[in-house]
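Undergrad: Starting from these lines, generate the structure:
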Amino acid sequence: MTTKFRRQLTLFVERQNATIIEKIRQQYNPIQYRLIDSHVTLCREDEIEDIEQIIANLKCLKKIEITIKFKEVTRFENGNVVFLPAEFENREFNDLRKQIFYGIDDNPRR
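TA: Alright, predicted model coming up:
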């Protein structure tokens, strides 16, 4: 049996801020709801090839607060993934990703 690992960088939502999100996840994706808490994927598998540089960049991050107002639920991958798209462009989130990719990618995809 081959074990497949998924490697990504994840930002977890604080429990006190995740109540509404958790209800949506429980309804639309109960399997993932049971496996992992509410989160935002900061870096996808194909983006973290230079893991040493990313770890170094993470150590230099400044603490910031990110607020996201969500639109309607979107589902993809045959209904297996729940996506809550942001209603507005989120400069703080994009700036965070730029800090993470410093020295790797000056213009990370949105």
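
Undergrad: following the helix or strand bottoming out on mean pLDDT in the chain, which helix or strand comes up?
TA: One helix or strand of the chain scores below all others by mean pLDDT, DSSP states H and E: strand 81-83, with a mean of 76. Counting by DSSP states H and E, the element after strand 81-83 in chain order, helix or strand, is helix 91-100.

Undergrad: For that next one, which residues meet the burial criterion?
TA: Across helix 91-100, burial judged by 16 or more other CB atoms under 10 Å covers Phe93, Leu96, Arg97, Ile100. Just so you know, the C-beta spots here come from the backbone N, C-alpha and C atoms, and that holds for glycine as well.

Undergrad: tell me the contacts of the second one?
TA: Same thing as Leu96. Leu42, Leu61, Ile64, Ile66 (CB atoms under 8 Å, 6 or more residues apart in numbering).

Undergrad: now Ile24
TA: Ile24 makes contacts with Val73, Val82, Leu84, as judged by CB under 8 Å, 6+ apart.

Undergrad: What number of residues are in the vicinity of Lys4?
TA: Counted by other CB atoms under 10 Å, the residues lying close to Lys4 total 4.

Undergrad: ok, now His39?
TA: Neighbour tally, His39, other CB under 10 Å: 15.

Undergrad: Just the element for the most centrally placed residue in the chain, please.
TA: The structure's the chain has its C-alpha centroid closest to Thr41; by CA atoms, centre = their mean the separation is 1.6 Å. Using DSSP H and E, Thr41 falls within strand 39-43.

Undergrad: Now do the very next helix or strand once past that strand: distance to the chain's middle.
TA: Counting by DSSP H and E, the next helix or strand C-terminal to strand 39-43 is helix 51-59. In terms of CA atoms, centre = their mean, to the nearest Å, the centre of helix 51-59 is set 17 Å apart from its chain centre.
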